[in-house]
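**Q** from the sequence below, what's the structure:
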Amino acid sequence: MLSLDLQSRQPIYEQLVRGLSELVSLGALAPDEQLPSVRSLARDLGVNPNTVQKAYQELERSGVIYSVAGKGSFVSPGPAAARMLRGQRLEKLREAAAEGRRAGIPREEALGVVEAVYEEGTNHD
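**A** Numbering: from 1, shown residues only. Predicted coordinates:
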């Protein structure tokens, strides 16, 4: 369900936020579905419960999940997860474009790569 890269430079809580957001936006986690408890998820993933709590707090702040006192955390209905995931993907695209610019890749060549990727997607969808 969730996989973490413990060797990654990206903090574990950010990996959790991204992973849970993806599961919600893809429909693998349904609206109002209860998430595992902080302790349970931390145990299953082999991480500190504070790390899971931080991820849950970020997801709640973003509107992806909501908490019910004494009951736990649940998936929020609505498009918050999809918006969060879209923002994350756009940020990755910006970073890749900036790296390409710094590497001296001409704009036209970079745009050609993006267009080719989108063309591949339309041919396979």
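**Q** quick check: which helices or strands does the stretch of helix or strand Gln53 belongs to pack against?
**A** According to DSSP states H and E, Gln53 maps onto helix 49-61. Where contact means 3 or more Cβ pairs under 8 Å, 6 or more residues apart in numbering; DSSP states H and E, helix 49-61 is packed against helix 12-25, helix 38-45, strand 65-68, strand 72-75. C-betas here are computed from N, CA, C, even on glycine.
**Q** where's Val68 relative to Pro77, distance?
**A** Noted for Val68: a distance of 14 Å to Pro77, by Cβ to Cβ, to the nearest Å.
**Q** kindly report the same for Gln57.
**A** Taking Cβ to Cβ as the measure, Gln57 falls 20 Å from Pro77.
**Q** so those two - more neighbours on which side?
**A** More crowded of Gln57 and Pro77, by other Cβ atoms under 10 Å: Gln57, with 15 against 10.
**Q** just for this structure, where's the confidence low?
**A** 123-125 (pLDDT under 70).
**Q** show me what contacts the residue most central in space within the chain?
**A** Among the residues of the chain, the one closest to the centroid is Arg18, at 2.0 Å (Cα atoms, centre = their mean). Residues in contact with Arg18 (Cβ atoms under 8 Å, 6 or more residues apart in numbering) are Leu85, Gln88.
**Q** one more: Ser3?
**A** By Cβ under 8 Å, 6+ apart, the contact list for Ser3 reads Gly19.
**Q** ok, the spatially closest residue to Ala55 that is not a sequence neighbour - contacts?
**A** Take Ala55 and drop its neighbours on the chain: the residue closest to it by Cβ to Cβ, 6 or more residues apart in numbering is Leu16, 3.7 Å away. Neighbour list for Leu16: Leu2, Leu4, Leu45, Thr51, Val52, Ala55 [criterion: Cβ under 8 Å, 6+ apart].
**Q** and Leu16, how close does it get to Gly104?
**A** Going from Leu16 to Gly104 by Cβ to Cβ gives 36 Å.
**Q** just Met84 next, same as before
**A** Note on Met84: its distance to Gly104, by Cβ to Cβ, is 33 Å.
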